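Student: no FASTA, just this:
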């Protein structure tokens, strides 16, 4: 049996995670038991929500256990299988990432078909995975977008934001995005077809948003919180909707909230938080539609690849910091 | 024709209003024209939302004009009428308060029948008026309360909060309220039948709320904002709803918002602002039900009366400050 390297949490971070909170260890992989498969992981996901799993606080995501391997979305190839209907050589998605090899119980194994979909295996961690479904649910079910409206998305060049903005555009909205560099802004405008985009470092976010959306914002896809939420509240139109997908600015440091929350009342806004796992029933319609859009070239996705499990922690920290990466961050393990 | 005293706004307040922002002037009342009635105002309303009308900013309520009379809900008796169907002697509700006499156009005149309802005329400014309808809509349509849940209301001894809490109780919820004095807390618990209540001066609001609602909060009726919103976010259960009726803590001073807005995401909360004027279609069901509850003695209301139009400004400032008054604040003009 192979040896496998895996990341463990050894100490719960306070504020920003530091390398000493983790360790990369090599373990022996046992034989798969009855109803299990041995999977060689090919490409693993690092996502902002994983920061929440490092806390001991009750949350929608169960906390990582100390001195145990971390986990998360990953795609791999079955090496050997004691699961009916899953043969060696099959490509599968499952939840035991942060390790090179995994013993995966049958109920977690989800076969995927990159050849049929015409995508790399990593796409099942991004545009055809949890971030894509999150964008779909947020845009259609939570923000309840309608043609002719103006849509604003923060962290617009990220895994979720870049898909959310395009889905809103396809639904007939005017789309505005914010991102953290001139290159990202250019990508949103020139390649993804956003109607307007701005670098949030370029001044007061409220003023930047007002200029980018002079007609006001009807639906805000919230990924950032803090000053971005403040700006959205200031610029939103009456009866606007906020789909609260994440507030990454608050994951690692406590900050005062927006000083204009009272606008929720006068503008009669609806702000609704959501977690994609509550919306798994939308997977079929999402998968059917987004696969089609990808095949037709009407939806663009980008991925940033890091190489080797030893790079996974830095990759996650870069995602939390909002680095120079564009689109979905994945870590290739082979 | 009589002379009438009326309050005018002479300067837009910055922060807390001061007496020099207003003046009380005596004017001659003209004869009512065609389609108008002359009304002797008996009892006028002072409400927190009136602070917003003193600003020039666009808001759901049109701003008061400088050097013009202010206005708002009021009940009076018709002195003379050129309106078909409205006879002298009729009791009417209309929108031209902040003055002793008013020339009221037909479309604003709303006959009321205190003898049939068994209430004082001022009740049409409170429990049977805008605050009562606000409570009804907030509890049933916005917070969407369900039996067995826990309901939290801030400013619970106020005109809206005291009715909202009782309506939630009647709907089968466990009801918790916060208020600003031991006397108010005692009134909530001993007379209104709240299951728990606390004085928000008695410590950290989050801890006070946690103690009062150990099972968590499912629906929060938000009247205050700031630390109250922070506490509600901390204590709310997954899929909780916040009916944002007002945020009185922010009307006169800018304050940082809650530092835990990110809980909206993880707890999948829905926060929805509303303004009662958008829900006028609910007036018939509200009126029918609340009149019945009052007749049956199942709903209790209290009013604080001030006397004379000269006391109206202080009465409004007391409402904004959260003074010692309980229930609906009204100013009797005769």
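Tutor: That came through, no problem. These numbers were taken from a predicted model, which means no experiment stands behind them. Numbers count the residues shown, from 1 in each chain, chains lettered A, B, ... in the order given.
Student: Centroid-nearest residue for chain A?
Tutor: residue A:131 (4.0 Å; Cα atoms, centre = their mean).
Student: Check the secondary structure at it for me.
Tutor: Classification of residue A:131 using DSSP: H, G, I helix; E, B strand; the rest coil returns helix.
Student: can you check the one 10 residues further on too?
Tutor: Going by three-state DSSP, the secondary structure assigned to residue A:141 is helix.
Student: What confidence value was assigned to it?
Tutor: Looking at residue A:141, its pLDDT is 98.
Student: quick one: it and residue A:279 touch, right?
Tutor: Yes - contact status for residue A:141 versus residue A:279: in contact at 6.6 Å, counting by Cβ atoms under 8 Å. C-betas here are computed from N, CA, C, even on glycine.
Student: The host helix or strand of residue A:25: partners in the sheet, and parallel or antiparallel?
Tutor: Following DSSP states H and E, one finds residue A:25 within strand A:22-28. Strand A:22-28 pairs in its sheet with strand A:3-9 (antiparallel), by DSSP bridges.
Student: Okay, buried residues for the partner strand please.
Tutor: Neighbour-count burial for strand A:3-9, counted by 16 or more other Cβ atoms under 10 Å in any protein chain shown, picks out A:4-9.
Student: next one: stretch A:139-158
Tutor: By 16+ other Cβ under 10 Å, the buried positions in stretch A:139-158 come out as A:139-140, A:142-143, A:145, A:149-158.
Student: do the same with stretch A:10-30
Tutor: For stretch A:10-30, using 16+ other Cβ under 10 Å, the buried residues are A:17, A:21-22, A:29.
Student: What residue spans form the domains of chain A?
Tutor: Using automatic domain parsing, the domain ranges for chain A come out as A:3-126+A:302-332, A:130-277.
Student: Would you mind finding the most buried of these?
Tutor: domain A:130-277 (a mean of 22; mean count of other Cβ atoms under 10 Å in any protein chain shown).
Student: Quick one: the helices in chain A, in order.
Tutor: All helices of chain A, identified by DSSP state H, fall at A:50-53, A:114-117, A:130-137, A:161-170, A:182-190, A:205-212, A:227-235, A:263-266, A:283-295, A:312-321.
Student: would you turn those helices into a markdown table with distance to residue A:107 and mean pLDDT?
Tutor: As requested, the helices of chain A are exported to a markdown table (distance: least, Cβ to Cβ, whole Å; pLDDT from 0 to 100):
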| stretch | distance to residue A:107 | mean pLDDT |
| --- | --- | --- |
| helix A:50-53 | 20 | 95 |
| helix A:114-117 | 22 | 94 |
| helix A:130-137 | 17 | 98 |
| helix A:161-170 | 27 | 98 |
| helix A:182-190 | 38 | 97 |
| helix A:205-212 | 44 | 98 |
| helix A:227-235 | 38 | 97 |
| helix A:263-266 | 41 | 96 |
| helix A:283-295 | 16 | 96 |
| helix A:312-321 | 25 | 96 |
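Student: Now for the residue nearest to the centre of chain A: which residues touch it?
Tutor: Residue A:131 makes contacts with A:47, A:125, A:159-160, A:163, A:328, as judged by Cβ atoms under 8 Å, 6 or more residues apart in numbering or on different chains.
Student: try it again with 7 Å
Tutor: A:159-160, A:163, A:328 (Cβ atoms under 7 Å, 6 or more residues apart in numbering or on different chains).
Student: Which of those sits closest to chain B?
Tutor: When the contacts of residue A:131 are compared for distance to chain B (Cβ to the nearest Cβ), residue A:160 wins out at 12.2 Å.
Student: What residues does that closest one make contact with?
Tutor: Taking Cβ under 7 Å, 6+ apart as the test, what residue A:160 contacts is A:131, A:134-135, A:223, A:245.
Student: what does chain A have sitting close to chain B?
Tutor: A:52, A:59-60, A:225, A:229, A:244-247, A:250, A:254-259, A:261-262, A:264-275, A:278 (Cβ under 7 Å from any Cβ of the partner chain).
Student: Need phi/psi at the closest residue to residue A:184 other than its chain neighbours.
Tutor: Nearest non-adjacent residue to residue A:184, counting by Cβ to Cβ, 6 or more residues apart in numbering or on different chains: residue A:157, 3.9 Å away. Here is the backbone geometry of residue A:157 (degrees, to the nearest 10): phi -100, psi 0.
Student: close enough to count as contact, residue A:157 and residue A:182?
Tutor: No - Residue A:157 lies out of contact with residue A:182 (Cβ atoms under 7 Å); the separation is 11.3 Å.
Student: quick one: low-confidence ranges for the stretch 51-200 of chain A?
Tutor: For the stretch 51-200 of chain A, the stretches flagged by pLDDT under 70 are A:58-60.
Student: And the strands in it, which stretches?
Tutor: For the stretch 51-200 of chain A, applying DSSP state E, counting those that start in this stretch gives strands covering A:74-81, A:91-94, A:101-105, A:110-111, A:150-153, A:174-179, A:196-199.
Student: can you list contacts of the second one?
Tutor: This means strand A:91-94. A:39, A:73-78, A:86, A:102, A:104, A:108-112, A:114, A:121, A:124.
Student: Now distance to residue B:33 too, for the domains of chain A, in CSV please.
Tutor: As requested, the domains of chain A are exported to CSV (distance: least, Cβ to Cβ, whole Å):
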stretch, distance to residue B:33
domain A:3-126+A:302-332, 63
domain A:130-277, 35
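Student: For residue B:187, find the nearest of those.
Tutor: domain A:130-277 (25.9 Å; Cβ to Cβ).
Student: what about the closest one, start to end distance?
Tutor: Domain A:130-277 has its terminal residues 9 Å apart, counting by Cα to Cα, to the nearest Å.
Student: Could you do stretch A:15-27 as well?
Tutor: End-to-end distance of stretch A:15-27: 29 Å, with Cα to Cα as the criterion.
Student: can you list contacts of it?
Tutor: In contact with stretch A:15-27 (Cβ under 7 Å, 6+ apart) are residues A:3-11, A:13, A:54, A:252-253, A:309-310, A:313, A:317.
Student: Now do the strand holding residue A:25 against strand A:101-105, angle only.
Tutor: For strand A:22-28 against strand A:101-105, the angle by axes from the mean of the first three to the mean of the last three Cα atoms, to 10 degrees is 80 degrees.
Student: what distance separates strand A:22-28 from the centre of its chain?
Tutor: 26 Å (Cα atoms, centre = their mean, to the nearest Å).
Student: Stretch A:16-26 now?
Tutor: 22 Å.
Student: same thing with stretch A:188-198?
Tutor: Distance, centroid of stretch A:188-198 to centroid of chain: 20 Å (Cα atoms, centre = their mean).
Student: and if you look at stretch A:93-102?
Tutor: 17 Å.
Student: and residue A:203, what are its phi and psi?
Tutor: The phi/psi pair for residue A:203 (degrees, to the nearest 10) is phi 150, psi -160.
Student: same check, this time on the one 10 residues further on
Tutor: Its backbone dihedrals place residue A:213 at phi -130, psi 70, with angles given as degrees, to the nearest 10.
Student: Would you agree it is in contact with residue A:234?
Tutor: No - the pair residue A:213 / residue A:234 is not scored as a contact, 10.8 Å apart, by Cβ under 7 Å.
Student: hang on, the earlier thing: return the member of the buried residues of strand A:3-9 nearest to chain B.
Tutor: Nearest to chain B among the buried residues of strand A:3-9, with distances taken as Cβ to the nearest Cβ, is residue A:9, at 18.9 Å.
Student: got a list of what that closest one touches?
Tutor: Residues near residue A:9 by Cβ under 7 Å, 6+ apart: A:21-22, A:54, A:64, A:66, A:70.
Student: Now that we have those, can you turn them into CSV and tack on distance to residue B:287?
Tutor: Converted to CSV, those look like this (distance: Cβ to Cβ, whole Å):
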residue, distance to residue B:287
A:21, 60
A:22, 63
A:54, 54
A:64, 55
A:66, 60
A:70, 58
